[in-house]
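S.K.: next input, structure requested:
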Amino acid sequence: MILLRMGWLWGAALALGGLVASAGAAEDRPPNIVLIFCDDLGYGDIGAFGAQGYRTPHLDRLAADGVKFTRFYSAQPVCSASRAALLTGCYPSRVSIQGALGPQAKVGIHADELTLAELVKQRGYATGIFGKWHLGHERQFLPTHNGFDEYFGLPYSNDMWPLHPEYAKLPPGVAQRKRGFPDLPLIEQDQVKIPAVTAEHQQQLTTWYTEHAVAFIERHRQEPFFLYVPHSMPHVPLYVSDKFAGKTSRGLFGDVISEIDWSVGEILAALDQHALAENTLVIFTSDNGPWLSYGEHAGSAGPLREGKGTCWDGGVREPFLARWPGKIPPGSVCHEPAMTIDILPTVAGLVGARLPAHKIDGLDIWPLLSGAAGAKSPHDSFYFYFADNELQAVMRGKWKLQLAHQYRTLGGKPGGQGGQPAPYEVRKIAQPELYDLESDSGEQHDVAAAHPEVVRELEALAEQAREDLGDSLTQRVGQGVRPPGRVATGG
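M.R.: The predicted structure is shown next:
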C-alpha cells in the first residue's frame, strides 16, 4: 500500500509540475542512480577493454548485463576539471574549474552551479558521495553544501600529501617543503574525521568507500537515491588492502584494480540483496587516462596515444559501462561519441528533473544507452581543453583535429618503477594535425594534407569555441564563461 501511494504521489508531482519523465523512468518511483568514478583509470585497464595480468569479473558482468561505450570521453584529462564537467554538465572552461585544485586553492565549484546531486534533489532523492571530491576543499565547496546529504572521503587527490613516496628518500621535512602540502585530511560530512591520513589509512580507502556505499543503499532502499563513488584509486601513490595485496601477476597496480572490481561487486550485490537492480541505473567510468610516467604503477591506454595530461585520446577517452536491466540491452556496444557532460542531462530526463536556467553543454544520451534503433550522438562536435584553458583539440564524428600546442610525452621511453615517475619531454604541434579515429584510433597518421576541407571545418568550430569558452593560446576571453566560487577574503 505504501509503495502504491508513493507511486501515485510521484505521478501527481510529474503532472502538476508539467514534467515528463523519459521512457526509462519506472512507474512506481524514479530510478536509483549509481555512479562509480575511478581516478586515472586508463582505457585498457578493465577486462571488457582488454586488461591483462588480472581479472575484473564484476566489471565484466556489468558489461555483459549492459552497454559498453567505445568512444566515451572526459571533458579534460585532469582531476578537478573532469569532475566539474561530470557534476555540472558543462565544459570545465564554462564553470572556470581548471586543472587539479590543490590544498592551497581558494576557488571551487560556484554555489550557483547546479550539481547532479542538486538536480535529483528536485525529485526527493537521498544523495551520498563516498570518495574523492576535488571541487574545492573549503567548507563552502564541500559536497554537503552542494546537494549531497552524506559525504565521506578525501577533499582532493591522495598524492597531495607530504608523505608521497616520490619524496621518500629526501631528508626529513624536505618532502613537505618540496610540495608545500599540509597534512591530508579525511572528511565526514563537512568536518575533519582524520586530520592526517597515513599510508595505513590509504590502504583502507577503497574498502571504506565501499562499506559506506553498501550501508547507504541499505539505509535508503525504500526511497530513490543517487550514490556517487569516486574512488581515489588507481591514482598514485597506489595502496591496497591486505585482502588484495599480492593477488595478481600485474603487481600492485593489478591488485588495486582487483580491489576496485571487488568494490563494484559489493555494490551490485547490495542492489541485488534489496531487489533494487531492476530499478537502478549503474554507470562506471573514469576521470582521465593513465599517468604514464609512473610506469608499472600506471595503467594502460590500450591502443590509444599518450595518457593523462594530454588531449590525445589516451588522455581523454575512458572505459564506460552502464547497466539497467530491462532498459539497457545486455551485451550491447555503442560506438557513438559521448562525454561526461552528458550524464547530468541524461539523468534529468530519466528522473523528470528540470535542467538549470543557465547554459550547460551536455545533451541527453539515453537513446544511445538504451540502444534505440539508429541512435546517433546528439553532439555536432566536442572540444578538448587543458592547462590554463588552452583549446587543444576539436572532434566531429570520426575526425579529430589536434590544434597547435605543446604536450608532454615519454617519447617511447619506459615509465618509472617502484612508484617513482620517469621524466616527460615536451613536444610541440606546430600546425594543426587531423586524424581519422575510425581507421586510426591511435592517432598515428596525420591526414590534414589529404582533407583540407575537413581541417577548415574543424578550425571554424574551434573559433566558435574560442568565442564562447575562450582560449589562452590565442588570448581569447570567452563570452559564455561563468566564475568559480571563491573564498571570501578580508573584512
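
S.K.: what about stretch 125-140, how long is it end to end?
M.R.: This stretch, stretch 125-140, spans 22 Å end to end (C-alpha to C-alpha, to the nearest Å).

S.K.: show me which residues of it are buried.
M.R.: Across stretch 125-140, burial judged by 16 or more other C-beta atoms under 10 Å covers 125-138, 140. To be clear about C-beta, it is placed using only N, CA and C from the backbone, and glycine gets the same treatment.

S.K.: got it, and stretch 361-375?
M.R.: 361-371.

S.K.: which ones among those are found in strands?
M.R.: Among the buried residues of stretch 361-375, DSSP state E puts none in strands.

S.K.: narrow those residues to those in helices?
M.R.: Residues of the buried residues of stretch 361-375 located in helices (DSSP state H): 366-369.

S.K.: still on that earlier bit, quick one: which of the buried residues of stretch 361-375 is nearest residue 71?
M.R.: Of all the buried residues of stretch 361-375, residue 368 has the smallest distance to residue 71: 10.3 Å, by C-beta to C-beta.

S.K.: can you tell me how far the closest one sits from residue 344?
M.R.: Distance, residue 368 to residue 344, by C-beta to C-beta, to the nearest Å: 15 Å.

S.K.: still on that earlier bit, tabulate the ones in helices among the buried residues of stretch 361-375 in JSON lines, adding columns for distance to residue 224 and pLDDT.
M.R.: JSON lines is the format used below for these (distance: C-beta to C-beta, whole Å; pLDDT from 0 to 100):
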{"residue": "366", "distance to residue 224": "17", "pLDDT": "98"}
{"residue": "367", "distance to residue 224": "23", "pLDDT": "98"}
{"residue": "368", "distance to residue 224": "23", "pLDDT": "98"}
{"residue": "369", "distance to residue 224": "18", "pLDDT": "98"}
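
S.K.: can you redo those as a markdown table with distance to residue 294?
M.R.: Conversion of these to a markdown table gives the following (distance: C-beta to C-beta, whole Å):
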| residue | distance to residue 294 |
| --- | --- |
| 366 | 37 |
| 367 | 38 |
| 368 | 33 |
| 369 | 33 |
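
S.K.: with adjacent residues omitted, what lies nearest to residue 363?
M.R.: Leaving aside its chain neighbours, residue 363 sits nearest to residue 378 (4.0 Å; criterion: C-beta to C-beta, 6 or more residues apart in numbering).

S.K.: any stretches of this structure with poor pLDDT?
M.R.: Scanning the chain for pLDDT under 70 picks out 1-27, 168-180, 490-491.

S.K.: using the three-state scheme, assign residue 215.
M.R.: The assignment at residue 215 comes out as helix when based on DSSP: H, G, I helix; E, B strand; the rest coil.

S.K.: ok, the ones in helices among the buried residues of stretch 361-375 vs residue 324, which is closest?
M.R.: Top of the list for closeness to residue 324, among these and by C-beta to C-beta, is residue 369 at 7.8 Å.

S.K.: now do the same contact list for the closest one.
M.R.: Listed by C-beta atoms under 8 Å, 6 or more residues apart in numbering, the contact set of residue 369 reads 67, 322, 324, 328, 334, 346.

S.K.: and the fifth one, backbone torsions?
M.R.: The phi/psi pair for residue 334 (degrees, to the nearest 10) reads phi -120, psi 130.

S.K.: TSV for the buried residues of stretch 361-375, including distance to residue 387?
M.R.: Below are these laid out as TSV (distance: C-beta to C-beta, whole Å):
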residue	distance to residue 387
361	19
362	23
363	26
364	30
365	28
366	33
367	34
368	30
369	32
370	37
371	37
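
S.K.: closest one to residue 269 out of these, please.
M.R.: For those, the nearest to residue 269 is residue 369 (23.0 Å; C-beta to C-beta).

S.K.: name the nearest of the ones in helices among the buried residues of stretch 361-375 relative to residue 404.
M.R.: Distances from residue 404 to those, taken by C-beta to C-beta, are shortest for residue 368, at 32.2 Å.

S.K.: what about the helices in this structure?
M.R.: Along the chain, counting by DSSP H, helices occupy 2-17, 57-65, 79-88, 92-95, 116-121, 174-179, 199-219, 252-273, 313-316, 343-351, 366-369, 452-469.

S.K.: residues contacting the fourth one, please?
M.R.: Okay, so that is helix 92-95. Looking at helix 92-95 with C-beta under 8 Å, 6+ apart, the contacting residues turn out to be 75-76, 80-82, 84-85, 88, 98, 109-110, 113, 359-361, 385, 389, 469-470, 478, 480-482, 484.

S.K.: list only buried entries from those.
M.R.: For the contacts of helix 92-95, buried by 16+ other C-beta under 10 Å: 75-76, 80-82, 84-85, 88, 98, 109-110, 113, 360-361, 385, 389, 469-470, 478, 480-482, 484.

S.K.: quick one, what contacts the spatially most central residue of the chain?
M.R.: Centroid-nearest residue in the chain, with C-alpha atoms, centre = their mean: residue 287, separated by 3.2 Å. Counting by C-beta under 8 Å, 6+ apart, residue 287 touches 37-41, 74, 78-79, 82-83, 86, 230, 318.

S.K.: how about the residues you listed in JSON lines, adding distance to residue 443?
M.R.: Compiled in JSON lines, the contacts of residue 287 are given as follows (distance: C-beta to C-beta, whole Å):
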{"residue": "37", "distance to residue 443": "25"}
{"residue": "38", "distance to residue 443": "23"}
{"residue": "39", "distance to residue 443": "24"}
{"residue": "40", "distance to residue 443": "20"}
{"residue": "41", "distance to residue 443": "20"}
{"residue": "74", "distance to residue 443": "16"}
{"residue": "78", "distance to residue 443": "19"}
{"residue": "79", "distance to residue 443": "23"}
{"residue": "82", "distance to residue 443": "20"}
{"residue": "83", "distance to residue 443": "25"}
{"residue": "86", "distance to residue 443": "24"}
{"residue": "230", "distance to residue 443": "28"}
{"residue": "318", "distance to residue 443": "16"}
